[in-house]
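K.L.:
my questions are about this predicted structure, shown below with the sequence.
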Amino acid sequence: MTAITAFQISVQPPRAGIRRLHNALLTHPRIRDCASELVYSYWVKGAADMTAGELAEIVLAALPGVHFIVVQLHHGKIAGSLPDAALAWLEAEPPPPRGPDYEPAADAITRLPMVAGLEYAAAWRCRQERMIETRAEGHA
């Protein structure tokens, strides 16, 4: 198998910017592939010499002010219950390195949650927070 470094990213549900994160994960030249089976949790196959700090800088640029964690995964030292497709992705050979004109394939895009759904959830959460704040101030 091609040498890669695997990571898991968990992000606090952001109010905005999830589209920027998905774009970075799908197009950054140091990232070879990405997938998400759990909402706001991403797996990344990076270049062999990529560090968690380097990936954290990519996430921070996409989601400034949002709390997140990047963890480097060690093959054979992870456990859990996942769909067969997720396990196959984890074990699959990554695509070739991305060049300057790289465009993500449709199957790569579909391995990430629907951006529209995540943006709708973020907008709904903001609306609920405003309603709670209004009630707390005695304006309900």
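P.N.:
The structure has been received and is ready for your questions. Residues are numbered from 1 along each chain as shown.
K.L.:
and the most centrally placed residue in the chain, what element?
P.N.:
In the chain, the C-alpha nearest the mean C-alpha coordinate belongs to Tyr42, at 3.8 Å (CA atoms, centre = their mean). When elements are defined using DSSP states H and E, Tyr42 is found to belong to strand 41-47.
K.L.:
sort out which residues of that strand are buried, please.
P.N.:
Within strand 41-47, the residues that qualify as buried are 42-47, counting by 16 or more other CB atoms under 10 Å. All C-beta spots, glycine's among them, are computed from the backbone N, C-alpha and C.
K.L.:
name the helix or strand of this protein that has the lowest mean pLDDT.
P.N.:
Ranked by mean pLDDT, DSSP states H and E, the helix or strand of the chain with the weakest confidence is helix 115-136, at a mean of 66.
K.L.:
follow-up on the earlier one: dig out what the residue nearest to the centre of the chain forms beta bridges with.
P.N.:
In this structure, Tyr42 bridges to Ile9 when assessed by DSSP bridges.
K.L.:
pretty sure it contacts Ala6?
P.N.:
No. With contacts defined as CB atoms under 8 Å, Tyr42 does not count as touching Ala6, sitting 11.2 Å away.
K.L.:
rewinding a little: what sits up against the strand holding Tyr42?
P.N.:
4-11, 25, 30-37, 54-55, 73, 89-90, 94, 97, 112 (CB atoms under 8 Å, 6 or more residues apart in numbering).
K.L.:
and for stretch 77-96?
P.N.:
For stretch 77-96, the external contacting residues (CB under 8 Å, 6+ apart) are 1-2, 4, 6, 32-33, 35, 37, 43, 45, 108, 111.
K.L.:
against Phe7, how distant is Leu25?
P.N.:
When distance is defined by CB to CB, to the nearest Å, Leu25 is 11 Å away from Phe7.
K.L.:
just Ala62 next, same as before
P.N.:
The separation that Ala62 has from Phe7, given CB to CB, amounts to 15 Å.
K.L.:
just to revisit the earlier point, can I get the following helix or strand past the strand holding Tyr42 as PDB, trimmed to CA atoms?
P.N.:
Tracing the chain past strand 41-47, the next element assigned as helix or strand by DSSP H and E is helix 52-62. Taking C-alpha atoms only, helix 52-62 is exported to PDB below (Å, rounded to 0.1, in the frame of the first residue of the first chain):
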ATOM      1  CA  ALA A  52      -1.600  16.400  12.800                       C
ATOM      2  CA  GLY A  53      -0.500  20.000  13.200                       C
ATOM      3  CA  GLU A  54      -0.400  20.600   9.400                       C
ATOM      4  CA  LEU A  55      -3.900  19.200   9.000                       C
ATOM      5  CA  ALA A  56      -5.100  21.300  12.000                       C
ATOM      6  CA  GLU A  57      -3.800  24.400  10.200                       C
ATOM      7  CA  ILE A  58      -5.900  23.400   7.100                       C
ATOM      8  CA  VAL A  59      -9.000  22.900   9.300                       C
ATOM      9  CA  LEU A  60      -8.400  26.200  11.200                       C
ATOM     10  CA  ALA A  61      -8.200  28.100   7.900                       C
ATOM     11  CA  ALA A  62     -11.500  26.700   6.800                       C
END
